[in-house]
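Asks: One predicted model, sequence on top.
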Amino acid sequence: MSDFLPINKSEMRKRGWDEVDFVYVSGDAYVDHPSFGAAIITRVLEAKGFKVAVLSQPDWSSTADFVQFGKPRLAFLITSGNIDSMVAHYTVAKKKRSADAYTAGGVVGKRPDRAVCVYSKLAKRAYPDVPVVIGGLEASLRRFAHYDYWSDSVKPSILIDSGADLLIYGMGENQMIEIAERLDSGEDISTMRDIRGTSYAVDVRETPYVGTECPSFENVCASKKEYAKAARIQQDEQDHIRGRLIKQKHGKTMIVQNQPMPPLTTSELDWVYSLPYMRTYHPSYEKLGGVSGIKEVEFSITHNRGCFGACNFCSIAFHQGRYVTTRSKESIIAEAEMLTHLPNFKGYIHDIGGPTANFRRPSCDIQEEHGLCKGKKCLAPKPCPNLEADHSEYLDILREVRSLDKVKKVFIRSGIRYDYLLEDRDDAFFRELVKYHVSGQLRVAPEHCSAAVLDKMGKPHIEAYIEFSKRYFQYTGEVNKEQYLVPYLMSSHPGSTLKEAVELALFLKKNKIRPEQVQDFYPTPGTISTAMYYSGLDPYTMEEVYCTKNPHEKALQRALLQYYNPNNRQLVEEALIKAHRADLIGAGEKCLIRPNSNQNRQNGNNRYNKKRKRK
């Protein structure tokens, strides 16, 4: 019978273990669900015959928690958790968040800032001779020298700061299996320099001859142009077919990123998602209020990985890669059937998706041999002529899942690419999406309306959203449903001035869109947009890009997107005046705000005084 992996010495003893092979250290509470990277890696290791203990949110004031299982036979495995620890702790305004969805009861402060570095140093202090392998989003996106938004500085590779022996980037299952088996055979971790999907640090005298070198840590600190060059090289080589080994010098140390590990095949993905997950949080958290991060994914199914959309502000392309791989229909149906027998199942499958829900195949056949095109996007600014848009297999899966006994409704919540959907000549999926798979409102991500900003985002131009919106409401009307379209919008992205923010506000007014939430651009490590934000240059053209870093101007741009909110009135007025668009202050149909009462009185007094002078 399956059970949770041990989280303390007592649970380890109950299994009859005197030692463990691996201690998996995470900044999150322990949730054994395949939407959580910790669950996947630990179950994969267990399935390969290794003994794994999970050390969740350890006390970082001492090494006491790190020694409770005894000395791990093979290694410490360290991650900050499902998301970056700094993003988990701070808003884009650098203010501390009030709740943590990945901690029991939503309590904040249960993991340190820069958790991977803190945990790695504690593991090394506890057992200096035990290998430390780091992975997950926080480590993966910091594998090279990177701009750190929270300190407003360029930091070295996390391999330098953490002191770890090896870094796994990307999803990591096959890397982890190879590392585990080679450690188990007695190989020293310092010799593991040939594993794809890993990075390591060596003396510069041991630098590999192959691959390509990007500007050094010292150079990217000294020159923003060099930083932009490095960012482009790093992005361009993240392809498992044509990508090259990358080197970056840090003083007398060379950081080496091996070529990406090929993504899991369909059969490998099926195996990973068939492992005996408990599909909930550890029972010890129940009395603390549970872990809210499970709610949205508890009855969701991941059917794909990778995203050829590759928006510039998104970390998926740098982490998972652009190449799309999928699970088999049989594997997905089996998981859906299993969900219907869980005690909390109410008849609703919340999602059958992934990074982009409606990607079910690579964007074209060319990449099977040559890899994805270097420096180009499959969908932006316009869809590539070689793009092959086909929803037939995805639609077949959705139809079968919604026909299962006990399934009342199947939703799609992880996001669709509407520009890709529009390229499919068969509108069957679009129509059934509207009819069966929308829970009152569909969230999509146009992000902006300005072509200049969208080009910097790597997004399609707004005409695609307008066409999608038109057809969405047409099909909704045909099935007599009252459903809505909720657009995700982003303010202050590189390339956006007050002029573009005003343009977006006018677009929203014209289309009667009133967003409840607006996201400020958040510069996180490993994205092209962050490289633009720091360097002020577009890494692909080396042209200058306007980037606002002033908190007040950010507030002005954000307020314009919610111009209708009375609380934003003063900011909107200031923004319009600064943008030389005072013509939008008035009672006209196109105006964004009306003059305030003080202005009306002042204008009246001015007119009265002018009349008196004429008399």
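Replies: Perfect, thanks for sending it.
Asks: any idea where the helices of the stretch 251-400 of the chain begin and end?
Replies: Secondary structure of the stretch 251-400 of the chain, counting by DSSP state H, counting those that start in this stretch: helices at 266-273, 316-319, 329-339, 367-370, 392-402.
Asks: which parts of the last one are buried?
Replies: Using 16 or more other C-beta atoms under 10 Å as the test for burial, helix 392-402 gives 394-395, 397-398, 401-402. In this view, the C-beta of every residue, glycine as well, is placed from N, C-alpha and C.
Asks: who's in contact with it?
Replies: For helix 392-402, the external contacting residues (C-beta atoms under 8 Å, 6 or more residues apart in numbering) are 303, 329, 332-333, 336, 349, 352, 358, 360-361, 407, 409-410, 412, 426, 428-429, 432, 436-437.
Asks: Give me the below-cutoff pLDDT ranges for the stretch 1-150 of the chain.
Replies: 1-2 (pLDDT under 70).
Asks: how about 50 then?
Replies: Counting by pLDDT under 50, the stretch 1-150 of the chain contains low-confidence residues at 1.
Asks: For residue 461, list the residues it contacts.
Replies: Listed by C-beta under 8 Å, 6+ apart, the contact set of residue 461 reads 381-382, 451, 454.
Asks: Output those residues in a markdown table; the columns should cover pLDDT.
Replies: Below are the contacts of residue 461 laid out as a markdown table (pLDDT from 0 to 100):
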| residue | pLDDT |
| --- | --- |
| 381 | 95 |
| 382 | 95 |
| 451 | 97 |
| 454 | 98 |
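Asks: From these, list the buried ones, please.
Replies: Taking 16+ other C-beta under 10 Å as the criterion, what is buried in the contacts of residue 461 is 451, 454.
Asks: Tell me how far residue 329 lies from residue 397.
Replies: Distance, residue 329 to residue 397, using C-beta to C-beta, to the nearest Å: 5 Å.
Asks: go on, residue 501?
Replies: From residue 501 across to residue 397, the span is 40 Å (C-beta to C-beta).
Asks: Do me a favour and get the backbone dihedrals for the residue nearest to residue 148 when sequence neighbours are not counted.
Replies: Distance criterion C-beta to C-beta, 6 or more residues apart in numbering; nearest residue to residue 148, sequence neighbours excluded, is residue 155 at 4.6 Å. With angles defined as degrees, to the nearest 10, residue 155 sits at phi -110, psi 150.
Asks: What pLDDT is listed against residue 155?
Replies: Residue-level confidence at residue 155 comes out at 98, pLDDT.
Asks: likewise residue 350?
Replies: 96.
Asks: Let me see the contact set for it.
Replies: Counting by C-beta under 8 Å, 6+ apart, residue 350 makes contact with 296-300, 411, 413.
Asks: Of these, which is the most crowded?
Replies: Within the contacts of residue 350, residue 299 tops the neighbour count with 22 neighbours, counted by other C-beta atoms under 10 Å.
Asks: you'd agree it is up against residue 349?
Replies: Yes - judged on C-beta atoms under 8 Å, residue 299 makes contact with residue 349 at a distance of 5.5 Å.
Asks: if we can go back for a sec, among the contacts of helix 392-402, which are in strands?
Replies: 349, 352, 409-410 (DSSP state E).
Asks: Could I get the full set of helices for the stretch 451-600 of the chain?
Replies: Secondary structure of the stretch 451-600 of the chain (DSSP H, counting those that start in this stretch): helices located at 451-457, 462-478, 498-510, 528-535, 551-561, 569-578, 597-614.
Asks: sorry, back to before: go through the contacts of residue 350 and say which is closest to residue 125.
Replies: Checking those against residue 125 by C-beta to C-beta gives residue 297 as the nearest, at 34.8 Å.
Asks: Is the closest residue to that closest one other than its chain neighbours in a helix, a strand, or coil?
Replies: Excluding the flanking residues, the one nearest residue 297 by C-beta to C-beta, 6+ apart is residue 35, at 4.0 Å. Of the three states, residue 35 takes coil under DSSP: H, G, I helix; E, B strand; the rest coil.
Asks: Please give the number of neighbouring residues around residue 35.
Replies: The burial count assigned to residue 35 is 19, neighbours taken as other C-beta under 10 Å.
Asks: just to revisit the earlier point, any quick ChimeraX command for the buried ones out of the contacts of helix 392-402?
Replies: To isolate the buried members of the contacts of helix 392-402 in ChimeraX, using 16+ other C-beta under 10 Å:
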select :303,329,332,333,336,349,352,358,360,361,407,410,412,429,432,437
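Asks: Could you say which of the helices of the stretch 451-600 of the chain is packed most deeply?
Replies: Scoring the helices of the stretch 451-600 of the chain by mean neighbour count under mean count of other C-beta atoms under 10 Å gives helix 528-535 as the most buried, with a mean of 26.
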